[in-house]
Structure formats: structure tokens, C-alpha cells
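> turn this into a model:
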Amino acid sequence: MGIERPDTASLVRQRLLANADDVDALFVLAALRAQEGYLEEGLTILDRVLRIDPRYPGAWRFKAKLHRMQGETAAEQSARRRAEDTER
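Residues are numbered from 1 along each chain as shown. Modelled structure (predicted):
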């Protein structure tokens with residue numbers, strides 16, 4: 001008998017109901033939306049994460065990746081520069 005894993009999306013919803021500004025839950029939500037193919041929605045959620053915490057680990061790099069996936073070279077490079085500045 002295997003161990004049943006909790007549904008990530010359900011956990012994220014619970015966390016966001018308790019605190020709509022939970023940056024960890026928002027970051028995971030952005031990843032889930034991107035994984036489902038909703039890149040623009042993932043970027044919007046990442047923007048919210050970065051408004052709350054501009055130094056959130058990995059958020060600028062993830063944003064650069066989503067922009068690259070959409071073919072938005074200038075936005076990708078801008079996000080990558082912000083990641084490098086943030087990680088110093």
C-alpha cells in the first residue's frame with residue numbers, strides 16, 4: 001500500500017485562502033499554471049510574487065524562462081539581469 005500524496009493545487013488553494021500574499025504558495029501556483037500551458041497567467045502571478053518580495057529566490061530566473069518560452073527576448077534578458085542583480 002503506497003502513501004497517498006496530497007494534491008499540490010489543493011494545498012496551494014488552502015494556503016492562499018489563509019493568506020492571499022503567501023509568496024511560497026503564489027510561486028508554486030505560477031509554476032502550476034505554467035506547467036498547464038498558461039504562461040501569461042504564470043507571469044502575472046510571478047509579478048505579484050515580485051511585488052511582495054522583489055528578492056524571492058528563483059522568481060526572476062523563472063520569469064526569464066517563461067518569457068523565453070514565449071519568445072520575448074527583451075523581457076527574458078531584462079528578467080535575467082534582475083536575477084543576477086538580486087543574487088549578488
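> look up the pLDDT of the closest residue to residue 54 other than its chain neighbours for me, please.
In this structure, residue 54 finds its nearest non-sequential neighbour in residue 86, 7.2 Å apart by CB to CB, 6 or more residues apart in numbering. Backbone N, C-alpha and C define where each C-beta goes, glycine included. At residue 86, the model reports a pLDDT of 91.
> burial count for residue 86?
Counted with other CB atoms under 10 Å, residues neighbouring residue 86 total 16.
> quick check: it vs residue 64, distance?
Noted for residue 86: a distance of 12 Å to residue 64, by CB to CB, to the nearest Å.
> cool, and residue 33?
Distance from residue 33 to residue 64, by CB to CB: 17 Å.
> I'd say the residue nearest to residue 54 and residue 50 touch.
No. Taking CB atoms under 8 Å as the definition, residue 86 is not a contact partner of residue 50, at 9.5 Å.
> could you list the low-pLDDT ranges of the chain?
Residues of the chain meeting the criterion pLDDT under 70: 1-2.
> return the residues in contact with residue 32.
Residues in contact with residue 32 (CB atoms under 8 Å, 6 or more residues apart in numbering) are 8-9, 12.
> need these in a markdown table (columns: neighbour count).
Converted to a markdown table, the contacts of residue 32 look like this (neighbours: other CB atoms under 10 Å):
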| residue | neighbour count |
| --- | --- |
| 8 | 12 |
| 9 | 13 |
| 12 | 20 |
